[in-house]
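J.: Would you be able to build a 3D model of this:
(chains A and B)
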Amino acid sequence: MAGLIRGARASPWVINMLRYRCFAAYLASYFARRPVRFLVLAVLLIGGANEALADTLQKIASSGRITLGYRESSVPFSYLAGPRQPIGFGVDIYTHLIPALKRATGRNDLEVNWQALTSQNRIPLIANGTVDLECGSTSNTAARAKTVAFAINYFYTGPKLLVKQGAGIKNFDDLAGKTVAVTTGTTTMKLLRKLDLERGMHMQLLPGKDHADSFLSVDAGRAVAFAMDDILLYGQILNAKQPAQWQVVGTPPQVEPYACMLRKDDAAFKQVVDGVIAELMRSGEFERIYAKWFLSPIPPRGRSLNLPMSDALRDNLHALSDQPAR
Amino acid sequence: MSLDWSVFCRSTTGSAGAEPLANCLGQNGELSYLQWLISAWGWTATVALLGFVIALLIGLVVGTLRTLPATSGFNAWSGRLAEAWVELFRDIPLLVQVFLWYHVAPFFLPALKSLSSWLLVSIALGLFTSARIAEQVRAGIQSLPRGQRNAALALGMREAQVYRRVILPVALRIMLPALTSEAMSIVKNSSVAFAVAVAELTQFAMQAQEETARGIEIYLAVTLLYALTAFAVNRVLAVVEARVRVPGVGALARQGA
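T.: Numbering: from 1, shown residues only, chains lettered A, B, ... in the order given. From the prediction side, this is the model:
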């Protein structure tokens, strides 16, 4: 106790602070007596926040660093091949983007930070500046466009159903009165609710915390089907213990584009990203990357998704649209 | 960025840019986010309440068993069993326990497969909390002066009577403040139910913020609901504490209230 008091005497601001009822009151009176310090601090804080959010290229140029987002299990867009080693279709896009970013910012020593993202945190972390770019399995939607921006659409998918062989489910209408697994934080959940209301199906939705969890629900018999974007379902089959046991069925009620996600109102950065993707699409390199991830055996199991390029994506190789689904 | 609370009146099945519903409590079969929020709160409350009932019943029995004097083989063995129970359920993280009940237990007991996930979570929460309540019951009982038990025995009471008429009535009053905090904890701990597909408040927050792109409003509302629920539990148990108080016993007595 005596030691405590002696320590406090050595640093009088501690005693000063204890005189106030709360920390906020102490801060208020501290800055009331030192207005200049307050102004400097305020300018630093506000300026810092703006700088972090407004211009990604400038941020990269000054820090020499870019933070790229990856997903842990979005096969084949972005997933882990080993500890902290993301690979995939989206990661290959990054590989082509880095040289362009080096040119645009004049930083040849550009360093890449990797940040794992989930369905739930990807948008907040892009918006608040923690992550600069995410090329994964993110749908380009009008609702999201209020918070973030999207590059040129680089994949098209629609929700289908993953079921066990012989489950007797052929399409969405067969789900009436059944329990359906769907992952929390995805647009598919809303789509299912809409179908349920429009067609009076009385489905029971089982909200999984991630895709693996939703898959497990069907495997364990808690749900008859896992409704999700078809490409993610093919990815689940790829990693299943017995792939032959599973099938993907149904006609998608709507088709959605996937695109790289970046911060809103950052035209210069978007131009660089779009430029790289457009060049890949024009040169035919994009089709090569597509074939590598969707038509050939891929890690970790050396199996192939066997998913030919959709017409919607083939059209966009020329249209270069960055617009959300209608 | 300004807050837009009208997001709670929007339809959960409408398109992204649609106007809020005229009737915030739904119309033409369309549900609003407010209704979804209320239903999610209902699941949180259900899981927490059922879990607490389970925890209280088991906790009282297990805690009492741990204090029995080892005068017989039954007493000694039930005491050891109770101790094993407490250690088992408080040495494993809550989330892991929930996963065990949801993913592992049905593998060994196929009957559990037919139980809904909210029931399994309630059981997991209940057993986890029962270990903590048992310890508080034990602490309450052991805080009584030994003379109380001896006096009761001298009056010719049997062990069961001693517990029922003398020890437990006082010990339970002493432990009420700790029990209050346990009941508030279970409300907040119920958020783990999200991990096994229960559509409770945390699951609502994650899904609704994604659909509406209004994460700040959604999370603020959910935080407020959790806080209000825990505080309501606190007030209810404060009333209970005041109602059952007897002169000379418990926390209120010592304050001279």
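J.: how about the residues of the stretch 201-326 of chain A near chain B?
T.: By the rule C-beta under 8 Å from any C-beta of the partner chain, the part of the stretch 201-326 of chain A lying against chain B is A:205-209, A:213, A:216-217, A:220-222. Quick note: C-beta positions are derived from backbone N, CA and C, even for glycine.
J.: and these, which two are the farthest apart?
T.: A:Lys209 and A:Gly221 (18.5 Å; C-beta to C-beta).
J.: Please give me every residue in contact with residue 194.
T.: This is for chain A. Going by C-beta atoms under 8 Å, 6 or more residues apart in numbering or on different chains, A:Lys194 touches B:Thr13.
J.: was after chain B, sorry
T.: With C-beta under 8 Å, 6+ apart, B:Phe194 has these contacts: A:184, A:209, B:200, B:202-203, B:206.
J.: Run through the helices of the stretch 151-300 of chain A in chain order.
T.: Ranges of helices in the stretch 151-300 of chain A, per DSSP state H, counting those that start in this stretch, are A:187-199, A:211-219, A:230-239, A:267-283, A:285-294.
J.: Buried residues of the longest helix along chain B, list them for me.
T.: Counting residues, the longest helix in chain B under DSSP state H turns out to be helix B:33-67. Neighbour-count burial for helix B:33-67 flags B:33-37, B:40-41, B:43-52, B:54-56, B:58-67 (criterion: 16 or more other C-beta atoms under 10 Å in any protein chain shown).
J.: Which strands and helices lie in contact with it?
T.: Counting contacts by 3 or more C-beta pairs under 8 Å, 6 or more residues apart in numbering or on different chains; DSSP states H and E, helix B:33-67 is packed against helix B:73-90, helix B:117-142, helix B:168-189, helix B:201-212, helix B:215-244.
J.: Lowest average pLDDT across the ones you listed?
T.: Note on the helices and strands packed on helix B:33-67: lowest mean pLDDT is at helix B:201-212, with a mean of 91.
J.: Determine the set of other helices and strands touching that helix.
T.: So helix B:201-212, by 3+ C-beta pairs under 8 Å, 6+ apart, packs with helix A:187-199, helix B:33-67, helix B:215-244.
J.: Select, out of the ones you listed, the one closest to A:Asp266.
T.: Per C-beta to C-beta, nearest to A:Asp266 of the helices and strands packed on helix B:201-212: helix B:215-244, 20.1 Å.
J.: In the stretch 101-250 of chain A, which residue sits nearest chain B?
T.: As assessed by C-beta to the nearest C-beta, chain B sits closest to A:Ala143 within the stretch 101-250 of chain A, at 3.6 Å.
J.: Adding neighbour count, write the contacts of B:Phe194 out as CSV.
T.: Output for these, formatted as CSV (neighbours: other C-beta atoms under 10 Å in any protein chain shown):
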residue, neighbour count
A:Thr184, 25
A:Lys209, 20
B:Glu200, 26
B:Thr202, 21
B:Gln203, 23
B:Met206, 22
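J.: Tally up the residues packed near the closest residue to B:Phe89 other than its chain neighbours, please.
T.: Excluding its sequence neighbours, the residue lying closest to B:Phe89 (C-beta to C-beta, 6 or more residues apart in numbering or on different chains) is B:Ala131, at 3.7 Å. By other C-beta atoms under 10 Å in any protein chain shown, 22 other residues sit near B:Ala131.
J.: Let me see the contact set for B:Ala131.
T.: Here B:Ala131 is in contact with B:59, B:62, B:85-90 (C-beta under 8 Å, 6+ apart).
J.: From those, pick the one nearest A:Glu287.
T.: Looking across the contacts of B:Ala131 and measuring by C-beta to C-beta, the closest to A:Glu287 is B:Phe89, at 56.9 Å.
J.: Could you report the neighbour count for residue 214?
T.: You didn't say which chain, so I picked chain A. With other C-beta under 10 Å as criterion, A:Ser214 counts 31.
J.: not what I meant, chain B
T.: Neighbours of B:Arg214 (other C-beta under 10 Å): 23.
J.: From A:Gly185, how far out is it?
T.: According to C-beta to C-beta, to the nearest Å, B:Arg214 stands 14 Å off from A:Gly185.
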